[in-house]
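>>> Please work out how this folds:
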Amino acid sequence: MKNNAVKTPFKNRLKVILAETFTQVANYAIILILSLLVGALVIYLTGKDPIAAYQALWKGAFGNWYKVTDTLDRSTVLIFSGLAAAVAFRTSIFNLGLEGQLYIGAFTAALVGFTVKGLPAGVHIPLCLLAGALAGGIWSLPPIIFKLKWNVPVMVPTLMLNYIGILFTSYLIAFPFKDPTAPMAGTPVLEATARLPKLLRGHTLNIGFPLALAAVFLIYWFMFRTKLGYELRMVGYNPDFAAATGLPVNRSSLLAMTMSGMLVGLGGSIVIMGFFGRFMGGFSVGYGWDGMMISLLAQNHPLGVLPASLFYAALANGSLTMQSTTGVPQTVVVMVKGTIMFFVTVQIFSSAIRRRLQKWISTSAG
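The predicted structure follows:
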């Protein structure tokens, strides 16, 4: 009897885990299929061939080894942006200032990269990355301080700081740090010792991608295997209840916002040090905003950020080839992203699948 009693709860727990896993996989599969069908319908109505367009999209993202490495390289900054959003959102801190923090971090890394000379690469590269991360973290502090001191919601201040950060760096590269030899407004070229080494000769992929992979698992370990991470998650679930149970709500909010700014600042630093080689105005094509969408797609889970970032990077790279070879505009990809986010937000399919599986579990348990 005891053995049966032990096996039954174990089987039920296993069923719950499998049911939740199947729910998430099936939910995203349905969402992706429906979103691609919506995109195909729009392409068809414009007189283009949807199959040829999607084939070009795939070839642009994964058509050859060069395309694959380019997609991985583009995903690097998206991974950091997605992690930054996930850490903040999981703690109920709606950090909408990722784009500004990205710019500030990237410029600071570039500043250290072209002003500090005579250091070996083993010292110069970590110094630039640290400077970019710290700058992004510091830029994120005013909104959370306003919230903790005067209960000012963080959404509006973080949103406004985006424009301040972008315009401030635009001023810096147009006047005090302008390189007159640059083809467009930008800083001087970084020292060779501040450039990230390439992983493969002739490809854009650099050591920033392994750093991004390490960051995914490090943030997962921190959020789900440490006391501080547990406090952040509990504050995110219910700040009032967390405060009533004695958890340090203010400290958790401050830590989450700082970590968020540091992560996205680090991502911006890697783009500049690994790809551009100097800070240039408008270098970001909305990486900070994409990070928020990636986090929502991953349900604010660090491990989910990785495939979501790769998916977004593939869409971005593939859309260029799709437009050049088939004439289908890149805005179709934007529409597909919007459709995906709509279904993810409303959670229609996951709720329906979960209800059916829970009914199956309770029936089998009974």
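
>>> contacts and neighbour counts: CA atoms only from here.
Will do.

>>> Pull the number of nearby residues for Val328.
Neighbour count for Val328, taken as other Cα atoms under 10 Å: 24.

>>> mind starting the numbering at 373 from now?
In the new numbering, first residue 373, that becomes Val700.

>>> Excluding chain neighbours, what is closest to it?
Leaving out its chain neighbours, the residue that sits closest to Val700 by Cα to Cα, 6 or more residues apart in numbering is Met694, at 6.2 Å.

>>> ok, now Ile725?
Thr395 (6.0 Å).

>>> Can you tell me the SS state at the one you found?
The three-state label given to Thr395 by DSSP: H, G, I helix; E, B strand; the rest coil is helix.

>>> Would you mind listing the buried residues in stretch 505-519?
Across stretch 505-519, burial judged by 16 or more other Cα atoms under 10 Å covers 505-513, 515-517, 519.

>>> Quick check: end-to-end length of it?
22 Å (Cα to Cα, to the nearest Å).

>>> contact partners of that stretch?
Here stretch 505-519 makes contact (Cα atoms under 8 Å, 6 or more residues apart in numbering) with 469, 473-474, 476-477, 480, 524-526, 529-530, 625-626, 629-638, 641.

>>> List only those of the residues you listed flagged as buried.
469, 473-474, 476-477, 480, 526, 529-530, 625-626, 629-638, 641.

>>> that older thread, pick the one among the buried residues of stretch 505-519 closest to Phe434.
Ala505 (31.0 Å; Cα to Cα).

>>> What separation is there between that closest one and Thr630?
On the measure of Cα to Cα, Ala505 and Thr630 end up 10 Å apart.

>>> What of Thr487?
Separation of Thr487 from Thr630 (Cα to Cα): 26 Å.

>>> Also Ile517?
Computed as Cα to Cα, the Ile517 to Thr630 distance reads 11 Å.

>>> what does Met532 give?
17 Å.

>>> Likewise for Gly653?
To Thr630, Gly653 is 24 Å away according to Cα to Cα.

>>> and if you look at Met664?
Using Cα to Cα, Met664 is found at 16 Å from Thr630.

>>> Repeat that for Gly660.
Distance from Gly660 to Thr630, by Cα to Cα: 15 Å.

>>> Same question for Pro529.
Using Cα to Cα, Pro529 is found at 15 Å from Thr630.

>>> Next: Trp522.
Distance, Trp522 to Thr630, using Cα to Cα: 18 Å.

>>> who touches Leu585 in this structure?
Leu678.

>>> One more: Tyr438?
Residues near Tyr438 by Cα under 8 Å, 6+ apart: His575.

>>> same thing with the one 4 residues further on?
When contacts are counted by Cα under 8 Å, 6+ apart, Asp442 touches 433, 575-577, 689.
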